[in-house]
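# let me see the structure of the following:
(one chain, ligands or ions: 1)
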Amino acid sequence: MSDPLIEFDDRDLAAQRAVKNLRGLAIDNDTVRRLLSEARTHNAWHERDVPDETLRSIYDLMQKGPTSANGSPARLVFLKSDDSKERLRPALAPGNVEKTMSAPVTAILGYDIEFWRNADVTFPHKPEVQTAYQEKPQASETVAFRNSSLQGAYLIIASRAHDLDCGPMSGFDNKLVDLEFFAGTTIKSNLLCNLGYGDAEHLLKRSPRLGFDMVCEIL
Ligand SMILES: Cc1cc2nc3c(=O)[nH]c(=O)nc-3n(C[C@H](O)[C@H](O)[C@H](O)COP(=O)(O)O)c2cc1C
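Take a look at the predicted model:
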């Protein structure tokens, strides 16, 4: 049914057709198992390089996940070299040092508290929805943190879709990371995520999740 209040242009109509075609694609069980239902958090890694091209491809996928007004606040630094890992070491909680130093890649996922500076790119039809945050720095930071956290989840799913395993971590000193990697910028660290090919022989059994009736209500 068409919306009488909106004038759709050719690109809008093409986008609508593309999404209708998606419905016909299968979501198979194996994919769901690999992306979420049976994928695990990893703490030990095989010595196998993750090519830069794979990281670019993961970003291309994760950036498609939704953020409010398409603000896209996440900023990423992928640490691969020994030198860059050493710069991170002092900020890590003791329990996170070994797994991080041995991971092929550690992603620092930050958020730009002035994400709205890219509004002309990310929301060109109504940039003022984003630029309004210029006057509300606290709200801007809240929005940036919320949406970058979502983008952290997209990073995990996108990495798994590229056959990689993930080890997300919040056990680190954000201030130290910000000083070391984001000094002089409007970026703050949110979380870390180790990426690579996990060594399943170091996994423990999975901790139980909370059942539907414990956490959900249908009203
Ligand atoms: C945001 C976030 C922060 C986490 N921080 C740490 C951490 O600092 N150290 C750690 O060993 N594990 C950390 N974890 C891993 C969780 O404990 C793990 O993902 C959870 O127990 C589920 O494990 P599973 O995916 O194997 O079922 C973190 C996970 C997330 C999503």
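# now do the helix or strand of the chain with the lowest mean pLDDT: distance to the chain's middle.
Scoring the helices and strands of the chain by mean pLDDT, DSSP states H and E places helix 10-22 at the bottom, with a mean of 94. Its chain's C-alpha centre and that of helix 10-22 lie 26 Å apart, by C-alpha atoms, centre = their mean, to the nearest Å.
# which residues touch it?
Applying C-beta atoms under 8 Å, 6 or more residues apart in numbering, the contact partners of helix 10-22 are residue 8. From N, CA and C alone the C-beta is placed, and that goes for glycine too.
# C-terminal to that helix, what's the next element?
helix 29-32 (DSSP states H and E).
# would you mind writing the CA trace of that following helix as PDB?
Provided in PDB are the C-alpha atoms of helix 29-32 (Å, rounded to 0.1, in the frame of the first residue of the first chain):
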ATOM      1  CA  ASN A  29      19.500 -23.400  10.400                       C
ATOM      2  CA  ASP A  30      23.200 -23.900  10.100                       C
ATOM      3  CA  THR A  31      23.800 -20.200   9.500                       C
ATOM      4  CA  VAL A  32      21.700 -19.300  12.600                       C
END
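# and that helix, what does it pack against?
Contact partners of helix 29-32 among helices and strands, from 3 or more C-beta pairs under 8 Å, 6 or more residues apart in numbering; DSSP states H and E: none.
# report pLDDT for the most centrally placed residue in the chain.
Nearest residue to the geometric centre of the chain (C-alpha atoms, centre = their mean): residue 152, 2.4 Å. Listed pLDDT for residue 152 reads 98.
# residues contacting the host helix or strand of it, please?
Using DSSP H and E, residue 152 maps to helix 137-161. Outside helix 137-161, the residues within contact range by C-beta under 8 Å, 6+ apart are 34-36, 39, 58-59, 61-68, 71-76, 107, 109-116, 133-134, 165-166, 168, 188, 190-191, 193, 195.
# which among those are in contact with the ligand?
168, 191 (C-beta under 6 Å from any ligand atom).
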